[in-house]
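Novice: fold the following and give me the result.
(4 chains, ligands or ions: 4)
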Number of protein chains: 2
Amino acid sequence: MLKQETLSKNQQIVLDYIEKVNEPIKAYSILHNVQKKGIKAPLQVYRALDKLVEIGKIHKIESKNAFVACKNSNCQISKATAFSICESCEEVSEISDSKLSKYLKNFQDKAGMKFNKYNLEFFGLCKKCSIK
Amino acid sequence: MLKQETLSKNQQIVLDYIEKVNEPIKAYSILHNVQKKGIKAPLQVYRALDKLVEIGKIHKIESKNAFVACKNSNCQISKATAFSICESCEEVSEISDSKLSKYLKNFQDKAGMKFNKYNLEFFGLCKKCSIK
DNA sequence: TGTTAATTGTTATAATATAACATTGTGTAA
DNA sequence: TTACACAATGTTATATTATAACAATTAACA
Ligand SMILES: [Zn+2]
Ligand SMILES: [Zn+2]
Ligand SMILES: [Zn+2]
Ligand SMILES: [Zn+2]
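Specialist: Ligands and ions are numbered 1, 2, ... in the order given. Sure, this is the predicted structure:
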């Protein structure tokens, strides 16, 4: 079987919504907002989320248990993600920095262990919030 | 009031247990294991965990919702953490690499945003598992 | 077309975490 | 010492996040 190139109905509904809101959103919030489209149960949302994460269309912000659309055409496999998170207004943005990703992809620990995947979450104050 | 230098009873019980098991452990698993010490409710565990994270005695492994004792005397404030996680055996270890931490502490995003805190989780196969 | 795997639908439940409120302990200063 | 402020505790209930189990349907392929 070939790798799917089109999303299934529920996957598309969930992705459309996540792309529309354009900020990290939680699973049950997605559920409430797509019920009019016929998705009724948490599992339908979680299954779509799992697949969308797997194919790199969305990422999970682990520290928030929230999901956000990928903004970086380079990370379609979702194996190398970095985010900045404002501790005041909660704004999250995906970092796309080739130097950083190169550095991290090549990182080895002291035992020589290499990694095929990483997730990095930075916390600080965004521009808006640091002026206040 | 001076900053506390001794842990409270529940904080000490929880920390003792986490240090003893020496691997990431989940809150409810901690609860089950410290009930004989008089801790009866989830909140008692979560409150201790919150404090221990805050003072850097333990860290939360976000991708696993688990807690692990700090192995790195340099990160007592818990603001710069990095872990390696084996995708096969689930082994987790804290990375202490001054080059890496220096690089990340000084990282700025393209908008010039600087960060006072980060958490990095690497995934791969540990030495044992990559031989198999 | 028959076969396999992916997706869906549905109900129930597990696992993780916090709200709310009353009580007790502990350090500090008048 | 006593009174105050704050940290920590105890307790019950509930909120939030996520998965188990199983039946039915749909899509891709040989
Ligand atoms: Zn991305
Ligand atoms: Zn902000
Ligand atoms: Zn540490
Ligand atoms: Zn391993």
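Novice: quick check, the residue in chain A closest to ligand 1?
Specialist: residue A:70 (3.3 Å; Cβ to the ion). Heads up, the C-betas are built off the backbone N, CA and C, glycines and all.
Novice: okay, and the beta partners of the residue nearest the centre of chain A?
Specialist: Centrality entry for chain A: nearest residue to the mean C-alpha point is residue A:59, 1.5 Å, by Cα atoms, centre = their mean. Here residue A:59 sits in beta bridges with residue A:68, going by DSSP bridges.
Novice: ok, it touching residue A:92?
Specialist: No. Using Cβ atoms under 8 Å as the test, residue A:59 is too far from residue A:92 to be in contact (9.7 Å).
Novice: need the residues touching each of the two.
Specialist: A:68, A:83 (Cβ atoms under 8 Å, 6 or more residues apart in numbering or on different chains).
Novice: roughly how far is the lowest-mean-pLDDT helix or strand in chain A from the heart of the chain?
Specialist: Ranked by mean pLDDT, DSSP states H and E, the weakest helix or strand in chain A is helix A:127-131, scoring a mean of 87. How far helix A:127-131 lies from its chain's middle: 24 Å, per Cα atoms, centre = their mean, to the nearest Å.
Novice: contacting residues around that helix?
Specialist: Residues outside helix A:127-131 that contact it (Cβ under 8 Å, 6+ apart): A:86, A:88-89, A:91, B:111-113.
Novice: report the lowest-confidence entry in these.
Specialist: Across those, the smallest pLDDT goes to residue B:112, namely 81.
Novice: once you drop chain neighbours, what's closest to that one?
Specialist: Using Cβ to Cβ, 6 or more residues apart in numbering or on different chains and skipping the chain neighbours, the partner closest in space to residue B:112 is residue A:127 (7.6 Å).
Novice: before we move on, what about residue A:104?
Specialist: Among residues not flanking residue A:104 along the chain, residue A:118 sits closest, at 5.4 Å (Cβ to Cβ, 6+ apart).
Novice: what pairs with that neighbour across the strands?
Specialist: residue A:80, residue B:122.
Novice: how about the contacts made by it?
Specialist: By Cβ under 8 Å, 6+ apart, the contact list for residue A:118 reads A:79-81, A:104-105, B:120-123.
Novice: pull out the buried members of those residues.
Specialist: Buried members of those, counted by 16 or more other Cβ atoms under 10 Å in any protein chain shown: A:80-81, A:104, B:120-123.
Novice: re the thing from before, so the residue of chain A closest to ligand 1 makes contact with residue A:53?
Specialist: No. Residue A:70 is not in contact with residue A:53 according to Cβ under 8 Å; the separation is 9.6 Å.
Novice: between the two, who's got more neighbours?
Specialist: A count of neighbours by other Cβ atoms under 10 Å in any protein chain shown puts residue A:70 above the other of residue A:70 and residue A:53, at 21 against 15.
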